[in-house]
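Asks: just a sequence and a predicted model for now, questions to come.
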Amino acid sequence: MTAPTLASGSRPQPLSLPALVDALSLRDLTDPAQGPHALQLLVSAAADALGEQWGADVRVLRSRPVVAVEDNYDRLGYQPDAVSRDVRYTRYVSDTTMLRSHTSAGVPPALRALAAAPLVDERDVLLVLPGICHRRDSIDRLHTGTPHQLDLWLVRRGGRRLDHDDLHTLVSTLVGAVLPGTHWRWTATTHPYTTGGREVEAIRDGRPVEIAECGLAAPGVLAAAGLSPSSWSGLALGMGLDRVLMLRTGIPDIRLLRSADPRVAEQLTGLAPYQPVSDLPPARRDISAAVPAGSDAEIIGDRVREALGPDADLVEEVTVLSTTPYDDLPAAARERLRIRPGQENVLLRLVLRPVDRTLTGEEANTLRDRVVAALTE
């Protein structure tokens, strides 16, 4: 197996051992073996509804988040120069392994297992792959660098080939199971592992919210796993479980999904509407820092998470208020910021608010100073 090719042309920089240990120690909320959680109810509802719709052989597959780079990218059709391979987006463990960036990384091994063990009957097979993923993301109430996802692949050998009418039925059945009574729409998009790709949005309060992406399983992905596209067809869908749970129950902040506050945690074992336990005031701190040019909210979010470690959960939001290139800054400002060519000045708003208490001013200032130090290294 060769080392992955990166869009930037650089070799992958492995995670530090402490960062890897922290990642592998994080509880996967979709795994019943790690304790009950409402996300597991969504997984079961989806699997049960789709299994019944097609009379399928339902196979729930769980794995650790360290996967082969080939399964996360190459065998799903990602090009060698795909930007997603860049170290800014991918958490490499070694030249050939990584923390999965999507639960789709489990699909190639599952398809290979199908090819190696012929079906005992002609029933469709529903592959159900839930789990935690690791990737770059901005910091706000709806985003996290460790989202939970659910891949659902319906695979058929022989008979009538699965088509876009079946895909529409799959999405309708799924939305009805996890977001009862919710209207939805889809729009055309592309993915390397599907043909005729679609992006699925739920309509909530008159606004579209992306919840899933889907399409027909790409023939190349099937063939790479040893399933002849002339004999096999499939439907592929990946859904963001955190976002769906928030829509289902009205949870306003994604950090609450991991809350240890008993008043919150007790509500996260079911799918009843969320009842707010408090409305704590936030602490806001504005930060001016010199950062590498091209640093967007997602890159900055990663730097903040890395700098704060376990305390990152105290950050409700990081907003980029303005960005000023080096060449546009007056000489006095360059000197004050100690900014260099190739950098830019960003003005950030740091919103700090634990889900269970109010920060003191001293605590907020300490967190601000840690963020400033990390961004200006």
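Replies: Yep, it's here.
Asks: got a list of contacts for the lowest-mean-pLDDT helix or strand in the chain?
Replies: Within the chain, no helix or strand scores below helix 297-308, which has a mean of 84 by mean pLDDT, DSSP states H and E. Applying C-beta atoms under 8 Å, 6 or more residues apart in numbering, the contact partners of helix 297-308 are 19, 88, 136-139, 143, 145, 291, 312, 314-315, 318-320, 346, 348, 350, 367, 370-371, 373-375. Quick note: C-beta positions are derived from backbone N, CA and C, even for glycine.
Asks: just the buried ones from these, in ChimeraX syntax?
Replies: Here is the ChimeraX command that selects the buried residues among those (16 or more other C-beta atoms under 10 Å):
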select :88,136,137,138,139,143,145,291,312,314,315,318,319,320,346,348,350,367,371,374,375
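Asks: so which of the contacts of helix 297-308 belong to helices?
Replies: The helices, defined by DSSP state H, take in 19, 367, 370-371, 373-375 from these.
Asks: next, count neighbours for residue 55.
Replies: Using other C-beta atoms under 10 Å, residue 55 has 9 other residues around it.
Asks: unless I'm mixing things up, it is touching residue 123, no?
Replies: Yes. With contact defined as C-beta atoms under 8 Å, residue 55 counts as touching residue 123 (6.3 Å).
Asks: which neighbours do those two share?
Replies: With C-beta under 8 Å, 6+ apart, residue 55 and residue 123 have no common neighbours.
Asks: quick one: the helices in the stretch 151-300 of the chain?
Replies: 164-178, 219-224, 241-249, 262-265, 297-308 (DSSP state H, counting those that start in this stretch).
Asks: one more: the stretch 1-150 of the chain?
Replies: In the stretch 1-150 of the chain, the helices defined using DSSP H, counting those that start in this stretch lie at 17-25, 38-54, 69-72, 107-116.
Asks: take those and write them to JSON lines, including mean pLDDT and distance to residue 268.
Replies: As requested, these are exported to JSON lines (pLDDT from 0 to 100; distance: least, C-beta to C-beta, whole Å):
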{"stretch": "helix 17-25", "mean pLDDT": "90", "distance to residue 268": "20"}
{"stretch": "helix 38-54", "mean pLDDT": "98", "distance to residue 268": "5"}
{"stretch": "helix 69-72", "mean pLDDT": "96", "distance to residue 268": "29"}
{"stretch": "helix 107-116", "mean pLDDT": "96", "distance to residue 268": "28"}
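Asks: pick the most deeply packed of the ones you listed.
Replies: helix 69-72 (a mean of 22; mean count of other C-beta atoms under 10 Å).
Asks: separation between the residue nearest in space to the middle of the chain and residue 136?
Replies: Geometric centre of the chain, nearest residue: residue 147, 4.0 Å, by C-alpha atoms, centre = their mean. Distance of residue 147 to residue 136, given as C-beta to C-beta, to the nearest Å: 11 Å.
Asks: over to residue 296?
Replies: Distance from residue 296 to residue 136, counting by C-beta to C-beta: 9 Å.
Asks: kindly report the same for residue 338.
Replies: Going from residue 338 to residue 136 by C-beta to C-beta gives 26 Å.
Asks: cool, residue 164 as well?
Replies: Distance of residue 164 to residue 136, given as C-beta to C-beta: 32 Å.
Asks: also residue 221?
Replies: Separation of residue 221 from residue 136 (C-beta to C-beta): 24 Å.
Asks: next one: residue 203
Replies: Note on residue 203: its distance to residue 136, by C-beta to C-beta, is 28 Å.
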